[in-house]
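A.B. asks: Below are the sequence and a predicted model for it; my questions follow.
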Amino acid sequence: MPKNSVGPTGHPSEEALYRFRVVSDVLARELRGQRRQEAISSVSSEPPLVLSGAAQRSGPRTIYRWLAAFEKDQIAGLERCPRSRTKSSVVLSERLLEYVAAQKQEDVQASLPEIVKRARVAGIVAEQEPVDRTTLYRACLRMGVCVERRRGAKIRDSRRFAYPHRMDMLLSDGKHFRAGALRARRLAMFFLDDASRFGHDVVVGPSESGELFQQGLYQAIQRSGLPGIIYLDRGSGFIANDTVAVVGQLPALLIHGERAYPEGHGKIEKFNQTVGEAVLRHLDGRPDVDPDCGALQLRLRHWLHEVYNHTPHESLHGRTPWQRFSTDERPLRFPESLEALRERFVVHLQRRVSPDHVVTVDDTFYEVPRGLAGSKTTVYRQVLDGTVRILFQGKLVKLLPVDLAANAHARRAGRPDPEDDLAAIPTKSAADLTFDRDFASVVGPDGGFSDPHDEE
């Protein structure tokens with residue numbers, strides 16, 4: 001019997017017995033008529049067995065190796081083969097290991113691949129000689145060389161994803177650029193479909209803002225329907241309360257990607273590289289380019305709809321975004337009407353009217369009708385055009401900003417109408433009624449003396 005046939009006490013070790021349980025389960029399934037591949041797959045997918053107080057799961061390749069060892073040496077072949085431990089490495093040269101240790105002592109931040117490159121330049125490692133970084137890392141651990149991880153690394157669930165149908169997810173991001181002879185600063189905000197890479201629309205403004213995003217979203221919905229999810233970064237226009245409120249009223253789900261992690265926005269970031277190379281960089285400094293936002297928006301919209309959407313895309317296996325978008329079997333969801341869509345872009349705000357009949361919305365003072373001073377009211381702000389309204393006497397009244405200069409020269413309000421004063425005269429009290437009864441006038445309405453018997 002081989003030397004590794006028994007454990008330290010002369011009997012099979014606990015690990016060998018555990019492996020024997022797994023092997024026995026596979027062989028028993030074979031005796032019941034299962035093929036070996038099916039038996040191993042079933043055993044490896046079952047709940048893990050317990051070894052030394054911890055759950056242990058065995059993969060198919062490991063079980064194949066245990067079966068071969070058992071068929072050769074029975075349970076003795078399931079023992080762990082002892083091997084001598086090295087304090088450095090049996091594969092890498094001592095000269096290389098000494099060089100790595102010295103380099104790590106001089107430059108702690110240097111990575112192991114960088115040190116291997118230095119070793120090749122110094123002639124310690126041949127140019128074509130392979131050096132496995134994992135083997136080198138483990139050798140450094142055995143030698144006590146500091147190989148701590150660089151700070152700042154984060155553990156992320158960075159699996160790639162793609163939604164199967166159009167308008168499952170809408171992507172949006174802003175791209176800064178300069179245009180015209182004066183190199184005016186501009187921002188183009190694009191709206192892209194996740195599944196098909198189809199470009200819905202683009203809006204151009206001087207800077208990123210919630211109003212610019214909402215205008216572009218409104219146009220994209222008019223063109224392609226309502227999205228299920230909207231995926232944005234954490235730009236100032238995307239985290240605004242108005243943006244969150246509008247997306248919730250569509251209704252749609254809103255996802256903000258992780259900060260300072262462009263890989264999480266891979267598709268829209270790649271699109272930004274494409275549009276920057278194809279269009280935006282050619283607008284900088286050109287005297288024949290109109291820097292007006294409307295003119296730039298027309299130019300970029302033409303490229304998006306007429307060029308990009310009809311260009312074969314590598315991730316779509318050579319198909320164009322328009323072909324992928326137009327052949328999707330999922331129907332698009334459109335609002336009932338344009339009026340219904342505009343209502344979803346109305347934000348409701350609670351405000352208290354000041355004593356001088358003023359409410360504040362976005363640091364702007366608006367005058368409200370008289371009679372609402374000190375009361376709480378709901379302000380309806382249309383984010384597409386910035387108009388502000390309140391409900392007054394059953395009607396939506398548009399509010400205008402306070403004109404301080406005009407108010408300074410306007411005549412003050414006059415006194416109320418005397419008829420209003422008469423209407424405000426209080427009613428008689430019980431004391432007044434008793435006085436009138438006991439001291440009634442002796443003259444009747446016609447000017448003559450009244451007869452007491454008539455009153456009875």
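C.D. replies: Looks like it came in fine.

A.B. asks: Outline the domain layout of the protein.
C.D. replies: Here the domain parsing of the chain from automatic domain parsing is 3-78, 94-143, 169-326, 345-409.

A.B. asks: so which of the ones you listed gets nearest residue 162?
C.D. replies: Closest approach to residue 162 among the domains of the chain (CB to CB): domain 169-326, 6.6 Å. All C-beta spots, glycine's among them, are computed from the backbone N, C-alpha and C.

A.B. asks: any idea how far the closest one is from the chain center?
C.D. replies: 15 Å (CA atoms, centre = their mean, to the nearest Å).

A.B. asks: what mean pLDDT would you report for it?
C.D. replies: Averaging pLDDT along domain 169-326 yields 92.

A.B. asks: how far does it stretch from start to finish?
C.D. replies: In domain 169-326, first residue to last residue: 16 Å (CA to CA, to the nearest Å).

A.B. asks: rewinding a little: which of the domains of the chain has the highest mean neighbour count?
C.D. replies: Of all the domains of the chain, domain 169-326 has the most neighbours on average by mean count of other CB atoms under 10 Å, namely a mean of 18.

A.B. asks: What are the boundaries of the helices in the stretch 351-456 of the chain?
C.D. replies: With DSSP state H, counting those that start in this stretch, the ranges of helices along the stretch 351-456 of the chain come out as 404-409, 418-423, 430-438, 452-455.

A.B. asks: swap in the stretch 151-300 of the chain?
C.D. replies: For the stretch 151-300 of the chain, applying DSSP H, counting those that start in this stretch gives helices covering 210-224, 241-249, 266-278, 293-306.

A.B. asks: what ranges do the strands span in the chain?
C.D. replies: Using DSSP state E, the strands assigned to the chain run over residues 49-51, 54-56, 169-179, 184-193, 199-205, 229-232, 253-256, 346-352, 358-361, 364-367, 376-382, 388-392, 395-401.

A.B. asks: Please identify which of those strands is closest to residue 304.
C.D. replies: For these, distance to residue 304 was read as CB to CB. The smallest value, 4.2 Å, belongs to strand 199-205.

A.B. asks: elements contacting the longest helix anywhere in the chain?
C.D. replies: Secondary structure of the chain per DSSP state H: the longest helix is helix 14-31. Applying 3 or more CB pairs under 8 Å, 6 or more residues apart in numbering; DSSP states H and E, we find helix 14-31 packed against helix 36-45, strand 49-51, helix 60-73.

A.B. asks: Just want the angle from the last one to helix 36-45.
C.D. replies: Okay, so that is helix 60-73. Relative orientation of helix 60-73 and helix 36-45, computed by axes from the mean of the first three to the mean of the last three CA atoms, to 10 degrees: 120 degrees.

A.B. asks: which residues does the spatially most central residue of the chain contact?
C.D. replies: Nearest residue to the geometric centre of the chain (CA atoms, centre = their mean): residue 256, 1.8 Å. Contacts for residue 256 were tallied using CB atoms under 8 Å, 6 or more residues apart in numbering; they are 232, 233, 234, 238, 239.

A.B. asks: ok, it to residue 243 distance?
C.D. replies: 10 Å (CB to CB, to the nearest Å).

A.B. asks: ok, now residue 411?
C.D. replies: Taking CB to CB, one finds residue 411 at 44 Å from residue 243.

A.B. asks: okay if I get the helices of the stretch 151-300 of the chain as a markdown table plus distance to residue 97?
C.D. replies: Listed next are those as a markdown table, based on distance: least, CB to CB, whole Å:
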| stretch | distance to residue 97 |
| --- | --- |
| helix 210-224 | 57 |
| helix 241-249 | 57 |
| helix 266-278 | 39 |
| helix 293-306 | 57 |
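
A.B. asks: Out of these, which gets nearest to residue 387?
C.D. replies: Nearest to residue 387 among the helices of the stretch 151-300 of the chain is helix 210-224; the distance by CB to CB comes to 12.2 Å.
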